[in-house]
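sharing a sequence plus its predicted fold:
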Amino acid sequence: DTVEVYEIDATGQHTMKFKTNIANEEQDSIYAKRKTFLQAIQREHRVNNYAIQNCISLTLNFTITVLNEEPTFHHWIVVSQVGSQNKEVLQFASHNHLLPWVGTAIETGGLQYQSNVTKEGRVFCFLPMPKEASSPLPVYVNGTFGLNDDRRSLKWQSSERKNDVAAEWNKFLVMDVVPPCYALLIRYATDQLEMPHTHIYNMWPDVEAVKGTEWEPLLTSLFKILITNDRIVWTSMPASEASPSAMQGEWISVRAATFVPQTEKLSQLSQIHSSLHRCGVKLVEVPALIHRALKLLRCSITNLTPDLAREKLKATHSCYEKADTTKKIELLMYCLSDNSYENLIGLRLLPLENNSFTAFKGKSGQPIYVCNSAFPMDLFPNKDHLIVSSQHTDALTVLEKVASSNKTQVQVMDLPSAVKLIKECFPSQWQQQQQVTVSRADPLFPAAWFTTFWKWVQQYDLSQFAGEMVLPLGREPISRAPTFQVTRLSSDSPVLC
């Protein structure tokens, strides 16, 4: 299996310009496989003539050495197949003495796979056709095609060729015989070669490139075969859980996959990826050409959505509860992204000012408040477990919308709520006392609160706080006093305000 190209000059001198051959160490194995393949075809042909129903296939995976100025190595997969299980094809083949023989091939680069997947789909009828006869497929195709008289192009059906045997045969090959051979090529690359999944996807034909051409009938047949494969789309391990010594993912079936929408990037959903992986969800990110293939088949698939994420996270809290704050906020923002606030209930991702998280509950649950400039957080000491965290600006903005929706226990702070919560802020030790001493060093209650409170309350009705321990005593400003007395506010109090 050697091809040599020579240049002959005017004197008749031969100079070798190019030489290519199959790597020596692979030749014996390839010859043996070819011999077995041809013998099988002969046996079937003797029994069934041209109607070979038991498909015979040969898959070769080899390296070609090209000797030019410098030796280069090219790694190829070639699949040949003879036969068809389509009765109409077999009847046509038998009647017209045509052998349903096709092949597909693709260059996979060097032994360490490179990204030079075949760009141009050359067509062969045992010998290469001219480039103008190329197909829009990303693989080479060989077959017992019917050719035009000039042998420079394939015959295709047209209004002038309604009953042309060669044109009709080509349609049968493209629609029924090439697809299973093409699928075998992709399956072999998937199962036998450690090739990046992105390059496997590049072996698929692109609907946009093929549609409207004579090769379009191949698409549906091929895609139907491919999607029934249990190893057809790649799910990667989350970066946080991948081990250098283990596989970084696995091939799975379409039905087992959850597809990342084309508008999203898995690399930007790291925490969603990690958490849902722990929930048993296998996220798959495929290029647009795979989405187009699935759309052509009207294939029912599972897509990643905020609703799906919420459902899985609520069912398995352990898959995210140990995540750090930043990662939980990432999860929360994704779950909020479709504005379906009522479906947050049960999700333990509501951030609180005390750096913990609590579950979203119905609107009858214990209120969790969103503070604002009218009701600043400093007004509510010891109540940070009832206040939405202010540390995450983007999340706070969205949680304000959640509060306004009145679908959960999250509420925007208003005056009645503020008055109620302030009254609940004071230490229980003060309940039975008429007057207390407040120290700046006292961890029970912040001395600075009284300054904040009196500055805030000037615009509201002070009588709402009658009976509460809010009135500081003494001539020295409390901002400078190390300790000071506080008494209860009363309309008949002898204290002069």
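The structure has been received and is ready for your questions. Numbering: from 1, shown residues only.

so T326, which of the three states?
Following DSSP: H, G, I helix; E, B strand; the rest coil, T326 is assigned to helix.

okay, now it: neighbour count?
A count of nearby residues for T326, using other C-beta atoms under 10 Å, gives 9. Where C-beta positions appear, they are placed from N, C-alpha and C, glycine not excepted.

could you do G365 as well?
Other residues within reach of G365, judged by other C-beta under 10 Å, total 14.

could I get the pLDDT score of it?
According to the per-residue confidence, G365 scores 90 in pLDDT.

which of the three states applies to it?
On the three-state scheme (three-state DSSP), G365 is labelled coil.

avg pLDDT for the lengthiest helix in the chain?
With secondary structure taken from DSSP state H, the chain has its longest helix at helix 24-48. pLDDT averaged over helix 24-48 equals 87, rounded to a whole number.

so for it, what gets flagged as buried?
By 16 or more other C-beta atoms under 10 Å, the buried positions in helix 24-48 come out as 30, 37, 40-41, 44.

quick one, what contacts L350?
By C-beta atoms under 8 Å, 6 or more residues apart in numbering, L350 lies in contact with 332, 344, 357-360, 368, 388, 399, 410.

pairing partners for it in the sheet, please.
Beta bridges link L350 to T358 when assigned by DSSP bridges.

what about K420, how many residues nearby?
K420 - counted by other C-beta under 10 Å - has 11 other residues nearby.

tell me the phi and psi of it?
Reported as degrees, to the nearest 10, the phi and psi values for K420 are phi -60, psi -50.

can you check the one 10 residues further on too?
Here is the backbone geometry of W430 (degrees, to the nearest 10): phi -90, psi -10.

picking up where we left off before, ok, and the most crowded of the contacts of L350?
V388 (27 neighbours).

who's in contact with that one?
Taking C-beta under 8 Å, 6+ apart, one finds 350-353, 368-371, 396, 399, 403, 410 in contact with V388.

helices - which of those residues land there?
Checked against DSSP H, the contacts of V388 include these in helices: 396, 399, 403.

if we can go back for a sec, list just the nearest of the contacts of L350 to I56.
Relative to I56, the closest of those is L332; by C-beta to C-beta it sits at 57.5 Å.

which residues touch that closest one?
Taking C-beta under 8 Å, 6+ apart as the definition of contact, the neighbours of L332 are 347, 349-351, 395.

switch the cut-off to 7 Å
When the contact criterion is C-beta atoms under 7 Å, 6 or more residues apart in numbering, the partners of L332 are 349, 395.

what residues of the lowest-mean-pLDDT helix or strand in the chain count as buried?
The helix or strand of the chain with the lowest confidence, counting by mean pLDDT, DSSP states H and E, is strand 56-67 at a mean of 79. For strand 56-67, the buried set under the neighbour-count rule, 16+ other C-beta under 10 Å, comprises 56-64.

ok, these vs K224, which is closest?
Among the buried residues of strand 56-67, S57 lies closest to K224 (C-beta to C-beta), at 18.3 Å.

name the nearest residue to that closest one, sequence neighbours excluded.
What sits nearest to S57 in space, not counting adjacent residues and going by C-beta to C-beta, 6 or more residues apart in numbering, is Q81, at 4.4 Å.

got the phi/psi numbers for that neighbour?
Phi and psi for Q81, reported as degrees, to the nearest 10, are phi -150, psi 140.

tally of neighbours for it?
Other residues near Q81 come to 25 when the count uses other C-beta under 10 Å.

can you pull the contacts of it?
Contacts of Q81 by C-beta under 7 Å, 6+ apart are 55-57, 102, 180-181, 184.

in ChimeraX, how would I select the buried members of those residues?
Once 16+ other C-beta under 10 Å is used to decide burial, the buried members of the contacts of Q81 can be selected in ChimeraX as follows:
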select :55,56,57,102,180,181,184
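
let me know the pLDDT of P244.
The predicted local distance difference test score for P244 is 51.

what does the one 4 residues further on give?
Per-residue confidence at Q248 stands at 84 (pLDDT).

how near is it to H277?
According to C-beta to C-beta, to the nearest Å, Q248 stands 12 Å off from H277.

who has more neighbours out of those two?
Set Q248 next to H277 and count neighbours by other C-beta under 10 Å: H277 wins out with 18 against 13.

where along the stretch 251-400 of the chain do the strands fall?
Assigned by DSSP state E, counting those that start in this stretch, the strands in the stretch 251-400 of the chain fall at 258-259, 283-284, 302-303, 350-351, 357-358, 368-370.

neighbours of R475, how many?
5.

got the contact list for it?
Remark: with contacts taken as C-beta under 7 Å, 6+ apart, R475 is in contact with nothing.

and for I272?
Taking C-beta under 7 Å, 6+ apart, one finds 309, 331, 334 in contact with I272.

gap between the two ends of stretch 451-463?
Here the two ends of stretch 451-463 are set 18 Å apart, with distance taken as C-alpha to C-alpha, to the nearest Å.

contact partners of it?
With C-beta under 7 Å, 6+ apart, stretch 451-463 has contacts from 378-379, 415, 470, 478-479.

let's go with 10 Å and repeat that
The contact list for stretch 451-463, computed with C-beta atoms under 10 Å, 6 or more residues apart in numbering, reads 374-379, 381, 415, 418-419, 422, 425, 446, 464-465, 468, 470-472, 477-479, 489, 491, 497.

any of those buried? List them.
Among these, those buried by neighbour count (16+ other C-beta under 10 Å) are 375, 377, 379, 381, 418-419, 422, 425, 446, 464-465, 468, 470-472, 478, 489.

so which of these sit within strands?
When strands are assigned by DSSP state E, the members of the buried ones among the contacts of stretch 451-463 inside them are 470-472.

in TSV, list the residues you listed along with distance to D149 and pLDDT.
Formatted as TSV, those follow (distance: C-beta to C-beta, whole Å; pLDDT from 0 to 100):
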residue	distance to D149	pLDDT
V470	104	94
L471	109	93
P472	108	92
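
looking at the residues you listed, which is nearest S135?
Top of the list for closeness to S135, among these and by C-beta to C-beta, is V470 at 84.4 Å.
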